[in-house]
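# fold the following and give me the result.
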Amino acid sequence: QVQLVESGGGLVQAGGSLRLSCSYSGRTFNVYSMGWFRQAPGKERDFVAHIYWNTENTQYADSLKGRFTISRDNAKNAVYLQMNSLRPEDTALYYCASRYHQGAGTLRDQYDTWGQGTQVTVSS
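Numbering: from 1, shown residues only. This next block holds a predicted model:
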């Protein structure tokens, strides 16, 4: 089992940037991909981005392409989400997740393990 801990959230003004971190530990040798999702109050948990473990290829939600970047640092056992040009509508609880199984990687139910989330609030 993989353990995931997110950090890096906070309050930022519109137009600003944040970098979220997801520290991972445990059984990662057969992880298929890790991803970020977000959930605003009263809304569904939506896909943000994910990174394939072996190839480090990435995929993003269409609406976030160009502003958000997912990356991985093996030496630090971390996956990052760099968020630029933040908007008030980016305000949400951001979750890191991992999965062992193949598939598109954009659906919440495809993921096996979740972190506790880190809050991002963007003020206008």
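
# so what's the residue nearest to the spatial centre of the chain bridging to?
For the chain, the residue nearest the mean C-alpha position is W36 (2.0 Å; C-alpha atoms, centre = their mean). When assigned by DSSP bridges, W36 has beta-bridge partners A49, C96.

# same check, this time on F68
Under the criterion used (DSSP bridges), F68 bridges to M83.

# burial check on the spatially closest residue to Q13 that is not a sequence neighbour, number of neighbours?
With C-beta to C-beta, 6 or more residues apart in numbering as the criterion, Q13 has its nearest non-adjacent residue at 5.4 Å, and that residue is S123. To be clear about C-beta, it is placed using only N, CA and C from the backbone, and glycine gets the same treatment. Neighbourhood size, S123 [other C-beta atoms under 10 Å]: 11.

# backbone dihedrals for S123, please?
phi -90, psi 150 (degrees, to the nearest 10).

# so N54 lies in a strand, does it not?
No: N54 is assigned coil when assessed by DSSP: H, G, I helix; E, B strand; the rest coil, not a strand.

# let me know the pLDDT of it.
With respect to pLDDT, N54 scores 89.

# T69 now?
What the model reports for T69 is a pLDDT of 98.

# hang on, the earlier thing: pretty sure the residue nearest to the centre of the chain contacts I51?
No: using C-beta atoms under 8 Å as the test, W36 is too far from I51 to be in contact (9.1 Å).
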